[in-house]
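J.: Pasting a predicted model and its sequence here:
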Amino acid sequence: MGSEKKPTIIITGFGPFGEHSVNASWVAVQNLKRRNLLPHLDVHIQEIPVDYQEVSQIVPNLWKEKNPQLVVHVGVSGMANKITVEQRGNNTGYERMDVKGQRPKKKCCINDGEECILSGIDMSQVCDEINKAENELEAEVSHDAGRYLCDFSFYTSLSIDRSRSAFIHVPPLGQPYSEDQLGDGLAIAVSAMLKQLTDQKSS
């Protein structure tokens, strides 16, 4: 099978911010790509700065340029000790400043957009796949992506195509998972998401 026939997916991670001088999300995404954990897919990875203005431009451009079957944003959460899969994105409540000391003018992602958008992917099924895999990883579903750049990027993608958008929060490196474990977890999650999309098409 030629590479041109492989399903195209985009996986993004974030750059440094605050106490996260090394952002575990981007480390995990790079790990997945470097180890070729999804050889049956055409995987495009992208580091995104923790910057509202940049996200609002980069994310739509990725959709337009790559026409992906799936977009998965990955971010780090200092409060997480499991892989946390987000079910919905929020449009409003963006009070926190980004790395440039800016925030959206109306503290929202899209003017007059829906208050929240649910992903068409069943994230509980994704968590089940991670939890039953033969490794030490644990996963859980969240319904609050945090109203910062993580939530902002997720909502931006959901507003483009909610059926093919996902967000995963990972803990900081070593708390408790290694770089390789996080890469493994992302690969399991992405495979589970694509299986849902494929099953929906065939049903």
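T.: That came through, no problem. Numbers count the residues shown, from 1 in each chain.
J.: quick one, strands of this structure?
T.: Under the criterion DSSP state E, strands of the chain are mapped to 8-14, 42-48, 70-76, 83-86, 88-90, 116-118, 139-142, 165-170.
J.: any chance of the ones you listed in CSV, plus distance to residue 129, mean neighbour count and mean pLDDT?
T.: Where C-beta positions appear, they are placed from N, C-alpha and C, glycine not excepted. CSV is the format used below for the strands of the chain (distance: least, Cβ to Cβ, whole Å; neighbours: other Cβ atoms under 10 Å; pLDDT from 0 to 100):
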stretch, distance to residue 129, mean neighbour count, mean pLDDT
strand 8-14, 16, 24, 98
strand 42-48, 18, 18, 98
strand 70-76, 14, 27, 98
strand 83-86, 10, 26, 98
strand 88-90, 20, 24, 98
strand 116-118, 19, 17, 98
strand 139-142, 8, 18, 98
strand 165-170, 13, 28, 98
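J.: Tabulate those in JSON lines, adding columns for distance to residue 194.
T.: As requested, the strands of the chain are exported to JSON lines (distance: least, Cβ to Cβ, whole Å):
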{"stretch": "strand 8-14", "distance to residue 194": "7"}
{"stretch": "strand 42-48", "distance to residue 194": "11"}
{"stretch": "strand 70-76", "distance to residue 194": "6"}
{"stretch": "strand 83-86", "distance to residue 194": "14"}
{"stretch": "strand 88-90", "distance to residue 194": "20"}
{"stretch": "strand 116-118", "distance to residue 194": "19"}
{"stretch": "strand 139-142", "distance to residue 194": "16"}
{"stretch": "strand 165-170", "distance to residue 194": "10"}
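J.: So which of those strands is nearest residue 106?
T.: Among the strands of the chain, strand 88-90 comes nearest to residue 106, with 13.6 Å by Cβ to Cβ.
J.: Please name every helix or strand in contact with the closest one.
T.: Secondary-structure packing of strand 88-90 (3 or more Cβ pairs under 8 Å, 6 or more residues apart in numbering; DSSP states H and E): strand 116-118, helix 149-160.
J.: Give me the contact list for the first one.
T.: The contact list for strand 116-118, computed with Cβ atoms under 8 Å, 6 or more residues apart in numbering, reads 87, 88, 89, 90, 91, 155, 158, 159, 162.
J.: Show me the residue sitting in the middle of the chain in space.
T.: residue 73 (2.0 Å; Cα atoms, centre = their mean).
J.: Quickly list what that one is bridged to.
T.: Beta-bridge partners for residue 73, by DSSP bridges, are residue 12, residue 167.
J.: who's in contact with it?
T.: 11, 12, 48, 59, 150, 153, 154, 157, 165, 166, 167, 168.
J.: how many other residues sit next to residue 34?
T.: 11 (other Cβ atoms under 10 Å).
J.: State the distance from it to residue 80.
T.: Distance, residue 34 to residue 80, using Cβ to Cβ, to the nearest Å: 23 Å.
J.: wait, residue 169 sits on residue 86?
T.: Yes - the pair residue 169 / residue 86 is scored as a contact, 6.7 Å apart, by Cβ atoms under 8 Å.
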